[in-house]
Structure formats: C-alpha cells, structure tokens
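In: Sequence first, then the predicted structure, then my questions.
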Amino acid sequence: MSSRMRSLSTAAALVAAVLVLALWPRTVDGPTPRLPVASIPASRSAPWPGPPTALEILDRAEVLALRHGQMARLRALGRLWEGEERGLEGAIRDAERELSAFMRDAQASRSASVHQIQQRSAEFSELSATLREGRRRHSEEALRVLDGWQRQRLARAPGNAIRRDR
C-alpha cells in the first residue's frame, strides 16, 4: 500500500470515528434532556364558547324582548356568578403559580417524578373543572329565566353555543 493510500485510509477512518461520536445516541451517563415546562397563560384571550351567562343574555335584552322581571332576575344571577367566578379564577391563578414554580424547580433539579407532577397538577385541574361546571350550571339557570321562544331566538343568534341536547 502506498503512502498516499495509507494517508487517505487514515483520514477516512478518523472522519468516520468523528461522525460516529457526533451522531451516535448518547448513553445514560450523558446529560438528561430537559422537559418542556407548560406555560398556561393567566388570562385567556378568548372565553370558553359555552352557553351564554346571564349578563351575556342581558346584552341581548332588546332582541329577546326581555321583561322587567326577567332582567332583574338575570342581573341578580349575573352578580352571583361574577362573585363565584372571581373567587374560582383567583384560586386557579394561585394554583397555576404554585404549579409553575414546582415545574421550574423540578426541571432545574430533575428530581420530580411523573406521579409528583400529576399530584401537583391535580388541584389546578380540579379548580378548572369546577369553574367549567359552575359556568354550565349558571348558564342553565339563566336560560330557565327565558321563555321558550326567547331561548329559541337566542339559540339562532350568531355567536351562541347553546346545547340543544339538555
């Protein structure tokens, strides 16, 4: 073998070794990949497209030809729901902050298990479910204030998502 062939084969072997080291999957001793931290925005840009609240129904008072008694009842329901919603949203924000802090610490120390993450996120999930259920109940109560023809007119109005299966 000539010296030129030896040089080329040595260079090819070195290039192959470098490529293998660069492209070969890392072993367990290598750095652990970082888990992405889910960022949940504190304020939602678009509300959940569910049935309308009492105050949303009041915004359509003229179209629905609401009577004085209906408007008074819807205002009262709206005030009750706003207070309940404000409390739940505050609790959700607190739970979100706690969960985000835990996830940052867990990612930095790489010490949290999936089970721990699920336990920590359970409160946030439960509060979110409570908010959705409360809004559903509130909307159903607000819709019961309306007459049948008013509910039909509201259901046909653009932008409404009233379920007809209930």
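Out: Cool, got the structure.
In: Please pull out the lowest mean pLDDT helix or strand from this protein.
Out: Every helix and strand of the chain was ranked by mean pLDDT, DSSP states H and E. The lowest is helix 3-23, at a mean of 68.
In: What's the first helix or strand after that helix?
Out: helix 54-58 (DSSP states H and E).
In: which other residues reach that next one?
Out: Residues from elsewhere that reach helix 54-58 (Cβ atoms under 8 Å, 6 or more residues apart in numbering): 64, 66, 71, 74-75, 77-78, 81-82, 138, 141-143, 145-146, 154. For glycine as for every other residue, the C-beta is placed from the backbone atoms N, C-alpha and C.
In: helix or strand right after that helix?
Out: By DSSP H and E, the next helix or strand past helix 54-58 is helix 61-64.
In: Okay, now the unreliable bits of this structure?
Out: Low-confidence segments of the chain (pLDDT under 70): 1-2, 4-5, 8, 14-49, 158-166.
In: again, only using 50
Out: 42-48, 161-166 (pLDDT under 50).
In: wait, what's in contact with residue 121?
Out: Counting by Cβ under 8 Å, 6+ apart, residue 121 has contacts residue 99.
In: Okay, and it sits in which element?
Out: Here residue 121 is assigned to helix 114-145, by DSSP H and E.
In: Check the burial of residue 115 by counting its neighbours.
Out: For residue 115, the count of nearby residues is 8 (other Cβ atoms under 10 Å).
In: Oh, that last question was meant for residue 134, not what I typed.
Out: Neighbours of residue 134 under the rule other Cβ under 10 Å: 15.
In: For the nearest residue to it once chain neighbours are set aside, give its distance to residue 145.
Out: Leaving aside its sequence neighbours, residue 134 sits nearest to residue 84 (Cβ to Cβ, 6 or more residues apart in numbering; 6.0 Å). According to Cβ to Cβ, to the nearest Å, residue 84 stands 17 Å off from residue 145.
In: ok, these two, which is more surrounded?
Out: A direct count of neighbours by other Cβ under 10 Å for residue 84 and residue 145 places residue 145 higher, at 20 against 16.
In: Many thanks, we can stop here.
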